[in-house]
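> Starting from these lines, generate the structure:
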Amino acid sequence: MVSCVTHRNPALLAKMAASFDVISNGRLEFGVGAGIGQVEHEAYGFDFFKPKIRIEHLVESLEVIKRLWTQDTANYQGKHYVLKDAVCLPKPVQKPYPPITVGGSGELVLQKATAPFADRLDFGYIPSVEVYKRKLEILEKQCRKIGRDFSEIEKSCWPGAQVLIAENKEQLREKIIQKNVLAISEEEFKQINLAGTPAQIREKLQVYVDLGVSYFMLYFAELPRVEGLRLFAETVMKPISGG
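This is a model prediction of the structure:
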């Protein structure tokens, strides 16, 4: 969903992203986050800084990237990154630049990176709608503080670890038994995952739609089998989107 900014110099990432936007004729959706995988960092030999420092890298990276995308010649002097008469050509096709998704749900990320820079928010997996609402309230408060229009930020949501859909409760119970590798109760499985009949899943997602969510991250548990994906498209997605 997002690229970890500590894995690449932001100037290089800006150049890569701009080239990709040109090659794809303006189809890039650009996502970045501060990074949370210590094991991954250590495996590849990257320094894994404390959260505050990683967020500093994220904020400075976003400033560097936006300058390279929008300025003919970019200069920047930060704590972690520097630009000196830097040029990024070709510029992205999308103007003023590709939509930026900022990943992270911590309050520092919301305040320092999401509120000023994000075109779309990505909290990652959030276990309940109550927690999701609280994150939105924190972000909205910070947007007011810096004079940013909160409505400008598109809301995305990851409403469950995996999607498991069935036409009726009996079929759903059979599917849960097959996919319940943690051997937890059926209710616990449903709390962690977006599991239900079409009507049940529509009801769950509608709560987020009413909060302004327009982008859902969904992982279908039965892939590469596509029957559940088709059922979701016909009985959940179409009715909610009105399509």
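
> Would you verify that Leu223 is located in a helix?
No: applying DSSP: H, G, I helix; E, B strand; the rest coil, one finds Leu223 to be coil, outside a helix.

> contacting residues for it?
Leu223 makes contact with Leu229, according to Cβ atoms under 8 Å, 6 or more residues apart in numbering. Any C-beta I mention is one placed from the backbone N, CA and C, and that applies to glycine too.

> What of Phe232?
Shown in contact with Phe232 (Cβ under 8 Å, 6+ apart): 163, 165, 198, 201, 218, 220.

> mind listing which of these are in helices?
Secondary structure from DSSP state H places 198, 201 of these in helices.

> so where's the chain uncertain?
For the chain, the stretches with pLDDT under 70 are 243.

> Phi first, then psi, for the closest residue to Phe46 other than its chain neighbours.
The shortest distance from Phe46 to any non-neighbouring residue, by Cβ to Cβ, 6 or more residues apart in numbering, is to Thr6 (5.6 Å). Dihedral angles of Thr6 (phi, psi; degrees, to the nearest 10) stand at phi -80, psi -10.

> Domain map for the chain?
As assigned by automatic domain parsing, the chain contains the domains 1-158, 160-243.

> Pick the most deeply packed of these.
Neighbour counts (mean count of other Cβ atoms under 10 Å) averaged over each of the domains of the chain peak at domain 1-158, with a mean of 17.

> Could you pull up the residues touching the residue nearest to Phe46?
Thr6 makes contacts with 34-35, 41, 46-49, 54, 57, as judged by Cβ under 8 Å, 6+ apart.

> if I look at it, how far off is Gly45?
11 Å (Cβ to Cβ, to the nearest Å).

> From Asn180, how far out is the residue of the chain positioned farthest from its centre?
Most distant residue from the mean C-alpha position of the chain: Glu170, 33.5 Å away (Cα atoms, centre = their mean). From Glu170 across to Asn180, the span is 16 Å (Cβ to Cβ).

> mind exporting the helix or strand harbouring Ala11 as CSV, just the C-alpha atoms?
Following DSSP states H and E, one finds Ala11 within helix 10-23. This file holds the C-alpha atoms of helix 10-23, laid out as CSV (Å, rounded to 0.1, in the frame of the first residue of the first chain):
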residue,chain,number,x,y,z
PRO,A,10,13.5,10.6,-1.3
ALA,A,11,15.1,12.3,-4.3
LEU,A,12,15.6,8.9,-6.0
LEU,A,13,12.1,7.9,-5.0
ALA,A,14,10.7,11.1,-6.5
LYS,A,15,12.5,10.4,-9.8
MET,A,16,11.3,6.8,-9.9
ALA,A,17,7.7,7.9,-9.2
ALA,A,18,7.7,10.7,-11.8
SER,A,19,9.0,8.3,-14.4
PHE,A,20,6.4,5.7,-13.5
ASP,A,21,3.7,8.3,-13.8
VAL,A,22,4.9,9.3,-17.2
ILE,A,23,5.1,5.6,-18.4
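
> what residues does it touch?
Applying Cβ under 8 Å, 6+ apart, the contact partners of helix 10-23 are 3, 5, 8, 27-28, 30, 32, 60-62, 64-65, 68-69, 81, 83, 86, 88, 90-94, 98.

> Helices - which of the residues you listed land there?
If you go by DSSP H, the contacts of helix 10-23 have 60-62, 64-65, 68-69 in helices.

> Would you convert these into TSV that also reports distance to Val102?
Listed next are those as TSV, based on distance: Cβ to Cβ, whole Å:
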residue	distance to Val102
Glu60	13
Ser61	11
Leu62	7
Val64	14
Ile65	12
Leu68	17
Trp69	15
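
> now, among those, which is nearest to Glu152?
Of all the ones in helices among the contacts of helix 10-23, Leu62 has the smallest distance to Glu152: 15.5 Å, by Cβ to Cβ.
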